[in-house]
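Novice: Build me a model from this:
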Amino acid sequence: MNVPEVIGMYDRILVLRDGRLAVAVGRSTDPALAARLRSEVGSALRATGDPVAALLVAAAAAGGVAGVSALCAVIDRPSAQLTYSSLGDTSLVVASPGAAHSVLAPAVGRSAGIQLAPATTVLLCTTELTESAAGLLGQMAMLHPEQAADLVVGWLPCGAVAVLYRQAPGPMSLTVPADPASLAVVRSHLRHWLALTGVDSETAADTLLAVGEAASNATEHSVVGANHNVELTVQAVVRGDRLTLTVADNGRWKPPPESPGHRGHGIRLINALVDDTDLVTDEQGTTVEMIKEWRQ
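Specialist: Modelled structure (predicted):
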């Protein structure tokens with residue numbers, strides 16, 4: 001098969017007025033036409049929020065020119081609903097942790113949709129992928145999106161363009177004995193969950209340290225004077241552009257001394273690492289809720 005020496009590729013990522021995420025990828029054998037399609041498809045998505053309408057604009061702009069391919073997808077992140085339309089042989093692949101990958105069927109001239117499971121990874125590509133190449137996405141579903149993107153670049157066909165998207169994972173909840181030996185388990189589970197969210201490395205490091213400090217305080221102080229087995233529960237959830245993190249125990253609260261010396265600075269450290277902290281204590285135990293904002 002003869003391959004044109006020059007092929008124009010394009011991608012467009014937009015946040016629509018209603019908060020939905022719109023993504024378009026495409027290619028043309030004419031680089032100038034590709035640049036025009038990028039502009040006109042982007043304008044149509046902004047105006048309508050409809051992938052079918054955007055590709056009708058692309059088809060009209062192409063005017064029957066061969067070698068034009070495009071894919072538009074609109075993602076409602078809170079409801080995890082993806083709607084897409086296609087033109088040509090572009091690829092849309094989805095993969096969820098612990099599940100087989102799926103190459104979605106083309107939706108030429110129409111709209112198709114899929115409900116994204118928590119932590120689903122979506123790949124939009126300007127070329128048709130082989131089954132083996134698409135299958136690699138399933139192996140990347142457990143990785144941080146940046147790591148997955150590096151691997152995607154490694155096996156993409158020369159010159160192709162791809163966009164990788166990760167749907168937020170479901171809430172994390174872990175209950176362990178309030179014992180120092182449990183701290184490593186807490187860190188491991190939280191680190192894995194944070195990778196699925198796609199947070200940047202600085203946000204992840206601050207979050208791990210803040211939650212680790214709250215959990216360490218709980219294992220040290222909540223068991224003092226308790227006449228029952230004290231447990232520690234750590235929860236984490238993505239809510240829009242913020243992480244809500246909760247560390248709770250069912251032990252006994254020990255007020256910090258007025259002059260803590262070199263100890264008792266845990267809450268100060270937590271306050272420095274996160275954007276908001278709320279500490280509640282009663283006869284049932286102590287709960288520390290932390291908010292960490294991040295830019296998706």
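
Novice: Report the buried residues of stretch 9-27.
Specialist: Within stretch 9-27, the residues scored as buried using 16 or more other CB atoms under 10 Å are 9-12, 14, 16, 20-27. The way it works is simple: take the backbone N, C-alpha and C, and place the C-beta from them, glycine included.

Novice: What of stretch 266-285?
Specialist: Buried residues in stretch 266-285 (16+ other CB under 10 Å): 266, 270, 273-274, 277, 285.

Novice: swap in stretch 49-61?
Specialist: 49-59, 61.

Novice: So which of the buried residues of stretch 266-285 sit within helices?
Specialist: 266, 270, 273 (DSSP state H).

Novice: Setting the sequence-adjacent residues aside, check what's closest to the last one.
Specialist: Spatial nearest neighbour of Leu273, chain neighbours left out: Ala210 (4.1 Å); criterion: CB to CB, 6 or more residues apart in numbering.

Novice: returning to that earlier point: the buried residues of stretch 266-285: which two are farthest apart?
Specialist: Farthest pair in these (CB to CB) is Leu273 and Gly285. Separation: 22.4 Å.

Novice: dump the residue contacts of Ala119.
Specialist: 96-97, 141, 166-170, 196 (CB atoms under 8 Å, 6 or more residues apart in numbering).

Novice: Select from those every entry located in strands.
Specialist: Arg166 (DSSP state E).

Novice: would you turn the contacts of Ala119 into JSON lines with pLDDT?
Specialist: Shown next, in JSON lines, are these (pLDDT from 0 to 100):
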{"residue": "Ser96", "pLDDT": "88"}
{"residue": "Pro97", "pLDDT": "85"}
{"residue": "Ala141", "pLDDT": "81"}
{"residue": "Arg166", "pLDDT": "91"}
{"residue": "Gln167", "pLDDT": "92"}
{"residue": "Ala168", "pLDDT": "91"}
{"residue": "Pro169", "pLDDT": "93"}
{"residue": "Gly170", "pLDDT": "93"}
{"residue": "Leu196", "pLDDT": "91"}
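
Novice: Could you single out the nearest of the contacts of Ala119 to Asn229?
Specialist: Gly170 (27.9 Å).

Novice: for this structure, which spans come out with low pLDDT?
Specialist: The model of the chain has pLDDT under 70 over residues 1-7, 10, 64-65, 222-227, 253-265, 295-296.

Novice: one step back: now restrict the contacts of Ala119 to buried residues only.
Specialist: 96-97, 141, 166-169, 196.

Novice: Output the longest helix belonging to the chain.
Specialist: Ranking each helix of the chain by length (DSSP H) puts helix 201-221 first.

Novice: Show residues contacting the helix or strand following that one.
Specialist: Sequence order places strand 231-239 as the next helix or strand after helix 201-221, per DSSP states H and E. Applying CB under 8 Å, 6+ apart, the contact partners of strand 231-239 are 168-169, 171-178, 182, 186, 189-190, 193-194, 197, 211, 215, 218-219, 222, 243-250.

Novice: picking that back up, so which of the buried residues of stretch 9-27 are in strands?
Specialist: 9-12, 14, 21-27.

Novice: So of the residues you listed, which two are at opposite extremes in space?
Specialist: Leu21 and Arg27 (21.2 Å).

Novice: how many other residues sit next to Thr203?
Specialist: As a burial measure, Thr203 scores 18 neighbours (other CB atoms under 10 Å).

Novice: repeat for Trp294
Specialist: Residues near Trp294, counting by other CB under 10 Å: 18.

Novice: Identify the residue spatially nearest to it, adjacent ones excluded.
Specialist: Closest to Trp294 by CB to CB, 6+ apart is Thr203, at 4.5 Å.

Novice: Is it correct that that neighbour is in contact with Asp275?
Specialist: No: between Thr203 and Asp275 there is no contact under CB atoms under 8 Å: 10.6 Å.
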